[in-house]
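K.L.:
Dropping the sequence and predicted coords here.
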Amino acid sequence: MITITRLNIDEVLRYMGCPPDKADEALRGQAEACAREVLAVIRPRWSWRALSITLEAEGVRLEGGLLLPGADLRAHLGGCERAAVFCATLGAETDALIRRAEQLDMVRALALDCCASAAVEGVCDQIELQLQGKFPGCSFPFRYSPGYGDLPLDVQSGLLELLDAPRRVGLCATANHLLTPRKSVTAILGVASGEIEQSQKSCLGCPAQESCQYRKAGGHCGIS
Amino acid sequence: MEFRELLRASGPVILDGGMGTMLQAKGLKLGGHPELAALEHPDWLLDIHRAYVEAGTQILCANTFGANREKLRRTGKTVEEVIPPSIAIARQAAGGKALVALDLGPTGQLLEPTGTLDFEAAVDIFAQEVRCAVSAGADLVMIETMTDLQECRAALLAVKENSDLPVLVSLTYEERGRTFLGHAPACAALTLEGMGADAIGINCSLGPREMPGLVEELTRWTTLPILVKPNAGLPDPSGAGYDITADQFADAMAQLTELGVKCYGGCCGTTPEYIAKLCRALEGRTIREIPRQVPAAVCSPVCAVPIDRVRVIGERINPTGKKRMKEALVREDIDYMLGQALEQTQAGADILDVNVGLPEIDERAMMVKVVKALQGVTDAPLQLDSTRPEVLEGALRVYCGKAIVNSVNGEEAVLDAILPLVKKYGAAVVGLTLDQNGIPKTSQARFDIARRILDKALSYGIRREDVYIDCLTLTVSAEQAAASQTLEALHRVKTELGLKTVLGVSNISFGLPARPLVNQNFLMMAMTQGLDLPIINPNLEAMMAAVRCYHLLMNLDTDAREYIAAYGNATVSTSITGGAAQSAAALQGERTLEQIVLAGLKGEAGGAARTLLETTAPMEVVDGVLIPALDKVGADFEAGRVFLPQLIQAAGAAQAAFEVIREHLSAQPGGQTQPKGTIVLATVKGDIHDIGKNIVKVLLENYGYPVIDLGRDVDPAAVVEAVKKHAAPLVGLSALMTTTLGSMEETIRQLRQADLPCKVVVGGAVLTADYAQKIGADFYAKDAKESVDVARQVIG
């Protein structure tokens, strides 16, 4: 059971395209009100599974046969023998809240959308902590999702199936491999029984890279 | 014995237990395909089915849960290869002792509006399975583990349109008593019984101990037999197993006979042992017969509205006499209609009437589009308003829930054309008390027509509770004697026929001064005569006040809670015609319109614009005040002095002012402005992240550009068609994901191929100027402000 009781409003403001120190009281107040609304409507659900992994020439092979292709994840999971694969969603009602707001007030819609993004990150952080607790004495590179580096989005449906996600948490992928409900994540958390070289999450491993709106503006998203 | 006989017989009907968990126990590997068991491990499947029959199962679900073409795609097998052997093996195991059901599980994709799968596409996926099962000789269909009522509807419709087989429908609920999508058991019950399911119920997700509350809720809303197929307790999030034993399962299930449950089985984690013990526990127990009284009610997937008090139907989504709505329909400005919907529900409407009939548009296509869009943003049930059967059928197909059809009348041909649709889609229907001879003058003649409509509806198998009668309001300035006839007929329909009543109220005062006075009093008189469903403008406070007062005075508003919630802090003007003057007085603000836009004060902008229009020409307000103010905000945004939220706020304030100007112009004959060139916007095929595009839309509209917003996940061909239709000089395309840049490129290619003289501007998080050029776009806009710059350059 995951419960989120507060959101980092500075992070929300940053997602909204406003440097936190430039936000006036009204905007900050609106972001806070939206955070409360989002926290009241989200229903975080998740599902996970520990799997052994094999690093192959084409990528990472999960127990059961699913191949996660590409060099980046393979490099990222160097030293890991297992992975905790998980998915998480805030649920369809969060999407509906944002959709409704878009008809009435775009700033509020933007704030709600950004609060939901912050909330799903928060949910994943908690899941990551809980999962780490299940592997005492192990080391973990940061969680990695389809769309990072060269890991394609088309692995989404395979991951969801492995996690029985549609039935267990109501999470599906569209024909174009986007997760629905929208505020959802799938991720692979490597598990190494020995020490590994810790890598920090950075812009270099990010799928947005040069096109990132924060980087274009000379900053970063604050996730790392 | 046939399934329908089993249902009629007195004892319980025993279903089977888990299949997936049984296959895993047999040795199905992680990553293996359970759907292919009939082809890869027929011996396992035969064993499992046989064990269930020996345990006492009377209905076997064939192993077809995931045997739809979407889920089979990755296995390389077809529906036609998988379903017949799956049914044959179940049939062999049944050995004449059990019936065999086609098991229909979810497609694995979410339907609109949460997902992108189109309703008709879902119907088609299920229809293929049903046709295949019919030729393979299935005895019945079990639709199960659904979390989306709309997907249930698609499956049920596919069964009904492709077979005569009996059908059980089961959804899966969370502990809070809702599905993952938030859909309610009450809504499932109303909708699925209406559409002709033979039994409905609950499976998966929860254990038997969580069933009673849900079962009781279902029995309040359906007269159908109830089925339960819970898991072996609650699952562990890691997938390790379930928490109750076969004995505990059987005990808990046997208690459900007290609640009148008819069909018993198990889902994940249950085995033949669970079913055998269940059978023993049920032996000698009688299923308690509880009389059920289902109220007249309509619903969306999340909200059931029983007609047990006055329920307000909002009348605003209707072009009759509304220039702005007509304009929105012609321009396909769906957002305007959604705004009208939300405004009405906020004002207190329980149900929304939807009428999009205009001679110059394709009414069916528009109706379908509007109904889908409305259900994406409002939970209020809808009243589908058209006289054309093809329009009503289009709307009824895609409407998720139990709708109201508005309307039929006493004319035989009309009844025979529309009532079958009402029955097929499980709607309620409004009957107007008129016929080929027009509106009768007397209350007696109207009452007679009401009775004729009721009899005809009953003969089509429509429930009495689902027939609502409209005794018709005539304009009292033209026929003063008519109002009392309407009220008398209404009273008789209510008391003598026992039917719910509907009435459009506002017509009463046409041509009179101080119309709100007449409307409010007529509404109050009608309610005291038994009016259940007034069709009114809920934005008029006087009308909602009458409804609230009626509930208060008739003791329908317990402890006056709603009345006090509405008026506890309000200063109520006793003049009910003074609304306009009041709001004009409220805007004696000191701020100028320019300051208001700069500060992004949406609430004040409309009033300030109205004041300014008293002394200034409309276009002067636009060109002299609004555009310069927006330009200043835009320049500040570029310079990093204000940020995206403030930019949108300013645009929102300007939009409110534009709305007032637009109304002002359309109220003057020949007062239309020369509109600027139209801009078509779309989030490309495959992409569902459209908030950026929506922000761009707000900005462009505020610079006076008419925008045709095609939404998200838009087919390239639809973009080409819209550009042609509106002769748009500029197209804006957005994509957030790298994976959908390909469809952006394809859209541009198709626009070029069609040789359209339009420019293309692209934007979205993953795009760069270089990439935009590479895929053939004319412009790249890095943010919403730049898209306005592009529009100015292209259109002026």
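P.N.:
Received the coordinates, thanks.

K.L.:
Look up phi and psi at the nearest residue to residue A:156 once chain neighbours are set aside.
P.N.:
Spatial nearest neighbour of residue A:156, excluding adjacent residues (CB to CB, 6 or more residues apart in numbering or on different chains): residue A:173 at 4.3 Å. (Glycine included, C-beta is placed from N, CA and C.) Backbone torsions for residue A:173, taken as degrees, to the nearest 10, come to phi -120, psi 150.

K.L.:
so who does residue A:173 touch?
P.N.:
A:156, A:157, A:160, A:179, A:180, B:109 (CB atoms under 8 Å, 6 or more residues apart in numbering or on different chains).

K.L.:
Scan those residues and report the most crowded one.
P.N.:
residue A:179 (27 neighbours; other CB atoms under 10 Å in any protein chain shown).

K.L.:
Roughly how far does that one sit from residue B:713?
P.N.:
According to CB to CB, to the nearest Å, residue A:179 stands 14 Å off from residue B:713.

K.L.:
Which stretches in chain A count as strands?
P.N.:
A:45-56, A:59-62, A:67-69, A:82-89, A:172-173, A:179-180, A:184-191 (DSSP state E).

K.L.:
Including mean pLDDT, could those go into a markdown table?
P.N.:
Output for the strands of chain A, formatted as a markdown table (pLDDT from 0 to 100):
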| stretch | mean pLDDT |
| --- | --- |
| strand A:45-56 | 95 |
| strand A:59-62 | 96 |
| strand A:67-69 | 96 |
| strand A:82-89 | 97 |
| strand A:172-173 | 94 |
| strand A:179-180 | 94 |
| strand A:184-191 | 96 |
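
K.L.:
Select, out of those, the one closest to residue B:101.
P.N.:
Comparing those by their distance to residue B:101 (CB to CB), the top pick is strand A:172-173, with 24.4 Å.

K.L.:
Direction included, what does the closest one pair up with?
P.N.:
Applying DSSP bridges, strand A:172-173 is found paired with strand A:179-180 (antiparallel).

K.L.:
Which of the strands of chain A has the highest mean neighbour count?
P.N.:
strand A:172-173 (a mean of 28; mean count of other CB atoms under 10 Å in any protein chain shown).

K.L.:
element containing the nearest residue to residue B:441 once chain neighbours are set aside, please.
P.N.:
Nearest in space to residue B:441, with sequence neighbours left out and distances taken as CB to CB, 6+ apart, is residue B:485 at 6.8 Å. Taking DSSP states H and E as the definition, residue B:485 sits inside helix B:482-492.

K.L.:
Which positions within that helix qualify as buried?
P.N.:
B:482, B:483, B:485, B:486, B:487, B:488, B:489, B:490, B:491, B:492 (16 or more other CB atoms under 10 Å in any protein chain shown).

K.L.:
Over it, what's the mean pLDDT, rounded is fine.
P.N.:
The average pLDDT within helix B:482-492 is 96.

K.L.:
ditto for stretch B:446-458
P.N.:
Here the average pLDDT along stretch B:446-458 is 98.

K.L.:
residues in contact with that stretch?
P.N.:
So stretch B:446-458 is in contact with B:408-410, B:415, B:419, B:422, B:429, B:431, B:433-435, B:439-440, B:464, B:466-467, B:469, B:471-472, B:485-486, B:489, B:492-493, B:496-497, B:499, going by CB under 8 Å, 6+ apart.

K.L.:
Pull out the buried members of those.
P.N.:
Of the contacts of stretch B:446-458, these count as buried by 16+ other CB under 10 Å: B:408-410, B:415, B:419, B:422, B:429, B:431, B:433-435, B:439-440, B:466-467, B:469, B:471-472, B:485-486, B:489, B:492-493, B:497, B:499.

K.L.:
What about those residues, which are in helices?
P.N.:
Secondary structure defined by DSSP state H assigns B:415, B:419, B:422, B:485, B:486, B:489, B:492 of these to helices.

K.L.:
Could you give the backbone dihedrals for residue B:439?
P.N.:
phi -90, psi 120.

K.L.:
What residues does it make contact with?
P.N.:
Contacts of residue B:439 (CB under 8 Å, 6+ apart): B:433, B:446, B:472, B:474.

K.L.:
Please flag which of those residues sit within strands.
P.N.:
Among the contacts of residue B:439, no member lies in strands (by DSSP E).

K.L.:
Reformat these as JSON lines; add distance to residue B:175.
P.N.:
Shown next, in JSON lines, are the contacts of residue B:439 (distance: CB to CB, whole Å):
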{"residue": "B:433", "distance to residue B:175": "48"}
{"residue": "B:446", "distance to residue B:175": "50"}
{"residue": "B:472", "distance to residue B:175": "48"}
{"residue": "B:474", "distance to residue B:175": "53"}
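
K.L.:
mind listing the helices for chain A?
P.N.:
Using DSSP H, helices in chain A cover A:9-15, A:25-41, A:71-76, A:92-104, A:106-133, A:156-162, A:165-169, A:213-216.

K.L.:
Adding mean pLDDT, write those helices out as a markdown table.
P.N.:
Supplementary listing: the helices of chain A in a markdown table, determined by pLDDT from 0 to 100:
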| stretch | mean pLDDT |
| --- | --- |
| helix A:9-15 | 93 |
| helix A:25-41 | 95 |
| helix A:71-76 | 92 |
| helix A:92-104 | 93 |
| helix A:106-133 | 94 |
| helix A:156-162 | 94 |
| helix A:165-169 | 92 |
| helix A:213-216 | 61 |
